[in-house]
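> my questions concern the predicted model and sequence given below.
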Amino acid sequence: MNTQEQEQIKQLLKKSLPPISTRVGEVQRDLWPAMLKRLEARSTAVPWFDWALLAAVVAWLVFFPGAIPVLLYHL
Amino acid sequence: MPVLEQQSDALQQFCHGDLDAFEALFRRHQTEVYGWIVRIVRDPASAEELTVETFWRIYRAHARFDPARSFRPWARRIATNAALDYLKTARPETDLPNDVPSTPLQDPAISEELRRKTARAFGRLPPKLQVAAVLALIEERPYKEIGEALGISTGAVKLRVFRALRFLRKELKEHGIEP
């Protein structure tokens, strides 16, 4: 592909998908409230390894019901 | 207190996970990060979400940030990765949004069909090539700046742009368009 072909494709692209204007390139609203919401949602989320630990305990109690009184004693 | 000193303090505090310092950084850089992302994804609503996603990644990585270095290139690199991830999931073969007002307005000399076909061919580019092409060919950003944002050399950016052009030529020819 020669330089002329490259330039032609570039011009076609620029005509079809013009550059974003400075005005459109500016954020239209303050995004901090959305950011705070995201931070709060993540801080209350339970990590996956906590769920895995809970599942392991439940499985253990299902397979070894005799362990339930021992667990209750230690709680 | 001088502005530079204040910024340095904010960066130090941010490194220790201080939320107020993070808010200050967010407010100072959100417009720039958004502007960079919207130029890549060309959709304001997605760009807003990706700006929040970028700063979420920044906040999570606060302990890894070196306050002796500049915040802007680091944030831009994270923003580029977030935009790239978006383009990978927003597939397959979706048209790029074309309702984004731009300057100059769409060229009346080009037919709507040709514009649509070109935009569709561009949307079919692999995401890595698409990011390099949109920034270099449409937004005309310097190769060095693109390389820094993508974490690759200037030569690698040029190669991606060349591969994108070759891909586009092939796609356009298949649809009967000779540029």
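Done, it's in. Residues are numbered from 1 along each chain as shown, chains lettered A, B, ... in the order given.
> residues contacting residue 35?
All of this refers to chain A. By Cβ atoms under 8 Å, 6 or more residues apart in numbering or on different chains, the residues touching A:Met35 are B:26, B:52, B:55-56. Glycine gets a C-beta too; all of them are placed from N, C-alpha and C.
> I was after chain B.
A:20, A:25-27.
> and if we set it to 10 Å?
A:20, A:22, A:24-27, B:47, B:51, B:79 (Cβ atoms under 10 Å, 6 or more residues apart in numbering or on different chains).
> average pLDDT for the host helix or strand of it?
Per DSSP states H and E, B:Gly35 falls inside helix B:19-41. In this model, helix B:19-41 has a mean pLDDT of 94.
> repeat for stretch B:45-58
96.
> in that stretch, what's buried?
The neighbour-count check on stretch B:45-58 (16 or more other Cβ atoms under 10 Å in any protein chain shown) flags B:46-56, B:58 as buried.
> can you sort out which of those residues also neighbour chain A?
B:47-49, B:51-56 (Cβ under 10 Å from any Cβ of the partner chain).
> domains for chain B, by residue range?
Taking automatic domain parsing as the reference, chain B has its domains at B:3-89, B:112-174.
> distance from the first one to the middle of the chain?
Think domain B:3-89. How far domain B:3-89 lies from its chain's middle: 12 Å, per Cα atoms, centre = their mean, to the nearest Å.
> which parts of chain A sit against chain B?
Residues of chain A lying near chain B (Cβ under 10 Å from any Cβ): A:1, A:4-39, A:41-42.
> what pLDDT, on average, does the longest helix seen in chain A get?
Taking DSSP state H as the criterion, chain A has its longest helix at helix A:48-63. Averaged over helix A:48-63, pLDDT sits at 89.
> quick one: residues in contact with the helix or strand just after it.
Downstream of helix A:48-63, the first helix or strand assigned by DSSP H and E is helix A:67-74. Residues outside helix A:67-74 that contact it (Cβ under 10 Å, 6+ apart): A:57, A:60-61, A:64.
> next one: stretch B:70-77
B:7, B:10-11, B:14, B:25-26, B:28-30, B:32-33, B:36-37, B:54-55, B:57-58, B:61, B:64-66, B:145, B:148-151.
> can you find the helix or strand in chain B with the smallest mean pLDDT?
helix B:3-15 (a mean of 75; mean pLDDT, DSSP states H and E).
> B:Thr54 and A:Trp60, how far apart?
42 Å (Cβ to Cβ, to the nearest Å).
> below-threshold pLDDT in chain A: ranges please.
Applying pLDDT under 70 to chain A flags the ranges A:23-24, A:43-45.
> quick one: the helices in chain B, in order.
Using DSSP H, helices in chain B cover B:3-15, B:19-41, B:44-60, B:71-89, B:112-123, B:127-133, B:143-150, B:154-174.
> would you agree B:His16 is in contact with B:Ala10?
No. Using Cβ atoms under 10 Å, B:His16 is not in contact with B:Ala10, being 11.2 Å away.
> between those two, which contacts overlap?
Common neighbours of B:His16 and B:Ala10 (criterion: Cβ under 10 Å, 6+ apart): B:Pro67.
> between those two, who's got more neighbours?
Neighbour totals were compared for B:His16 and B:Ala10, and B:Ala10 leads with 20 against 10 (other Cβ atoms under 10 Å in any protein chain shown).
> in a markdown table: the ones next to chain A among the buried residues of stretch B:45-58, plus distance to B:Glu139.
Formatted as a markdown table, those follow (distance: Cβ to Cβ, whole Å):
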| residue | distance to B:Glu139 |
| --- | --- |
| B:Ala47 | 14 |
| B:Glu48 | 19 |
| B:Glu49 | 20 |
| B:Thr51 | 17 |
| B:Val52 | 22 |
| B:Glu53 | 21 |
| B:Thr54 | 18 |
| B:Phe55 | 22 |
| B:Trp56 | 25 |
